[in-house]
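Enquirer: structure for this input, please:
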Amino acid sequence: MNATIRDHTVIKRSVPKLIGLVAIGAAFVAISVWMLNGGAVDSRGEVTVYVGWIGTVFFGLCLLFAIHRLIFGHRKPVELSTQGFWDKRALAQEVPWSAVSRVSVWSHRGTSMLRVQFTDDAILRNQLTPIVKVTKWLNTPSSIDGIYVASTDLDISFSELRMLFQKYLSEYNPTAIDDMK
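Expert: Next up is the predicted model:
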């Protein structure tokens, strides 16, 4: 259950959603290991073995990350207040609303996230968690910037998350609302 106390909203994690992510990750690791062991070798030969290696490493890391988040993750990963917001999965501390330059909806193949961009690059360097720093570094060549707030493991739907951000932004930083339809 999520709570709102005097303009302070706390969004809890969803254990069933996290268990679903772990199950999906385990299934993809199993398929990749099967490919790695030659289970799908046909006329393509070694290509499927290479795909198996890549899939095993990638989905194995995703599986470990999901298990880590399930066991050791924050019970209340997102907080919104009159001062700012804090996505504890990506940020080391609360970011003031005045530091947000733009918030928009990013959608791809049925998955939606809020893309939050900041006014100053220094704030990103000082406030990101280590895993997000690595992810941003890996995405530098494709010019992906900002952080993404997803509801995949939250006890809230994406539309409710979007409405909460709109509520706080419209009151504390209306210039940052870009495309949140």
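
Enquirer: neighbours around the nearest residue to Ile147 once chain neighbours are set aside, how many?
Expert: Excluding the flanking residues, the one nearest Ile147 by C-beta to C-beta, 6 or more residues apart in numbering is Ala90, at 4.8 Å. Using the backbone N, CA and C atoms, a C-beta is placed for each residue, glycine as well. Applying other C-beta atoms under 10 Å, we find 22 residues neighbouring Ala90.

Enquirer: could you check how far Ala90 is from His74?
Expert: 11 Å (C-beta to C-beta, to the nearest Å).

Enquirer: next, the contact list for the spatially closest residue to Ser81 that is not a sequence neighbour, please.
Expert: Excluding its sequence neighbours, the residue lying closest to Ser81 (C-beta to C-beta, 6+ apart) is His8, at 4.5 Å. Residues near His8 by C-beta atoms under 8 Å, 6 or more residues apart in numbering: 79-82.

Enquirer: tell me where this structure has helices.
Expert: 15-36, 46-72, 121-127, 130-139, 158-172 (DSSP state H).

Enquirer: who wins on neighbours among the contacts of His8?
Expert: Most surrounded of these: other C-beta under 10 Å gives Leu80, at 24 neighbours.

Enquirer: how near is it to Leu61?
Expert: Distance from Leu80 to Leu61, by C-beta to C-beta: 30 Å.

Enquirer: equivalent analysis for Thr48, please.
Expert: 20 Å.

Enquirer: likewise Val78?
Expert: Taking C-beta to C-beta, one finds Val78 at 23 Å from Leu61.

Enquirer: where in the protein is pLDDT low?
Expert: Within the chain, the stretches with pLDDT under 70 are 1-5, 40-45, 120-126, 141-145, 179-181.

Enquirer: rewinding a little: present the helices of the chain as CSV; the columns should include mean neighbour count and distance to Arg109.
Expert: Below are the helices of the chain laid out as CSV (neighbours: other C-beta atoms under 10 Å; distance: least, C-beta to C-beta, whole Å):
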stretch, mean neighbour count, distance to Arg109
helix 15-36, 16, 15
helix 46-72, 15, 17
helix 121-127, 13, 27
helix 130-139, 13, 18
helix 158-172, 17, 14
